[in-house]
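Q: sequence first, predicted model second:
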Amino acid sequence: MSKKIIITCGGTGGHLAPGIALAEGLTARGHTVILFISQKRVDARLIEKYPHFNFVPVPGTAFAWHPLGMARFIASQVRGFIFSLRAMRQMRPDVMVGFGGFTSVSAVIAGRMLRIPVALHEANRVPGRTVCLLGRLVQRVYLPQGVRLSSVRASATRHVSLPVRREISRQPRAAALERLALDPMQRVLVVFGGSQGASALNDWARSQLDRLAHAGIQVYCITGLGKGRHEVLQLSTQTYAPIRAVFRPFTDDVADLLSAADLVVARAGAGTIAELIRCTTPAILVPYPHAASDHQRANGAFFEKQGGGIVVDQMFIPTLHAEVLDVIFNDWLLHKFRTNLARMDHAASFDLLLDDLTGLIVQSPAEKKSTALPPPTIQPHAA
């Protein structure tokens, strides 16, 4: 029987992309899905590929400790709560799922007030504020393998991997190189700072262009929206053969990009790691040192321990060039990393997530009564 499900997943690509992946799986099972996203430009850009889904921008700003930022956060959460409460009264969902971030807080509280079954998904090895604060209030908390939260009862905890969009899978490398206009005879280094980019990695890539080109390495760097323009630079190798470096603010071609890469230099966000695993692409991870609770360092340590690549602390970026050269020309090591990444892929756990989530749906219509207040007309934003 078809059910209506709200997914709150905006703010960053690391929240939005798995929300879209979950929407794909639920829609394939015949359910109706509405996605609550943020009003940030990165969300608007990412959803352009998915016009068949209903996206609803919800008021909200990110948490900040300084007084002005805190005041903005609280005010935006109040607006988001009122918006979510009225929207849910109209939409009357059977269940809702939150992927963390500032867009989930007000929506989860509104959902609990309306007695809607709520699930939270945490992808990082160190759970974020939203899951830590609200985990005890919801019916289900999905966590990575081996992660526990003392504030969440064991009966409400399930261990699953992060959903990855259907389009992101290993592609034939020759075809991916051709679509990206890259030379199949030269090594490819992808520099990938996630949906928002990473200035430190962008700066490193630019500073090392000549050295990398001299070694015969093509560079393809995703800078992040607002952190540069689309550029294609022509360089030369040690033997004066032409070689290219590409800088793009954003890409919709993640599967091609990761399939074409011999090696990726990236941040250690959970979404990036899940995509690297799905595409079996070896990586050198440089965790963002100011991530909340230092969760990227924990993500990177787990990735390295499982044998998917190596981790370089940002303070050692001056040594990153040597690390890249040591790995990208070591075919035995690259093969070992790819084998380990294939072992790390837990695509089957997605079906377990879908099955468990469907089981949370409340069957009693008495728990879904609408109030006497006339609901507003909510205009979902279709990408």
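A: Nice, thanks for sending it over. From a predicted model like this one, the values you see are computed outputs, not experimental measurements. Numbers count the residues shown, from 1 in each chain.

Q: switch to C-alpha atoms for all contacts and neighbour counts from now on
A: Fine.

Q: excluding its backbone neighbours, what's nearest Arg248?
A: His230 (4.5 Å; C-alpha to C-alpha, 6 or more residues apart in numbering).

Q: and for Pro242?
A: Closest residue to Pro242 apart from its sequence neighbours, by C-alpha to C-alpha, 6+ apart: Ser236 at 4.5 Å.

Q: which strand or helix spans Ile82?
A: Using DSSP states H and E, Ile82 maps to helix 67-91.

Q: state the mean pLDDT of that helix.
A: For helix 67-91, mean pLDDT is 85.

Q: with stretch 129-143 instead?
A: What stretch 129-143 shows for mean pLDDT is 90.

Q: buried residues in it, which are they?
A: For stretch 129-143, the neighbour count (16 or more other C-alpha atoms under 10 Å) marks 129-132, 134-143 as buried.

Q: return the member of those nearest to Asp351.
A: Nearest to Asp351 among the buried residues of stretch 129-143 is Tyr142, at 13.3 Å by C-alpha to C-alpha.

Q: next one: the strand or helix carrying that closest one to chain centre, how far?
A: Counting by DSSP H and E, the element that carries Tyr142 is strand 140-143. Strand 140-143 has its C-alpha centroid displaced from the chain centroid by 17 Å (C-alpha atoms, centre = their mean, to the nearest Å).

Q: what's it packed up against?
A: The elements that strand 140-143 packs onto, with contact taken as 3 or more C-alpha pairs under 8 Å, 6 or more residues apart in numbering; DSSP states H and E, are strand 118-121, strand 157-159.

Q: partner strands of the last one, with direction?
A: Spelled out, it's strand 157-159. Next to strand 157-159 in the sheet, as set by DSSP bridges, lie strand 140-143 (parallel).

Q: ditto for the longest one
A: Strand 118-121 has the following sheet partners, assigned by DSSP bridges: strand 95-98 (parallel), strand 140-143 (parallel).

Q: that older thread, report the buried residues of the helix holding Ile82.
A: Residues 72-74, 76-77, 79-81, 83-91 are the ones in helix 67-91 that count as buried (16+ other C-alpha under 10 Å).

Q: what sits against Gln234?
A: Gln234 makes contacts with 242-245, as judged by C-alpha atoms under 8 Å, 6 or more residues apart in numbering.

Q: how deep is Leu235 tucked in, by neighbour count?
A: 18 (other C-alpha atoms under 10 Å).

Q: looking at the helices and strands packed on strand 140-143, which is nearest to Ser106?
A: Of all the helices and strands packed on strand 140-143, it is strand 118-121 that lies closest to Ser106, at 12.4 Å by C-alpha to C-alpha.

Q: the residue lying farthest from the centre of the chain and Gln208, how far apart?
A: What lies farthest from the middle of the chain is Thr239; by C-alpha atoms, centre = their mean that is 39.7 Å. Separation of Thr239 from Gln208 (C-alpha to C-alpha, to the nearest Å): 18 Å.
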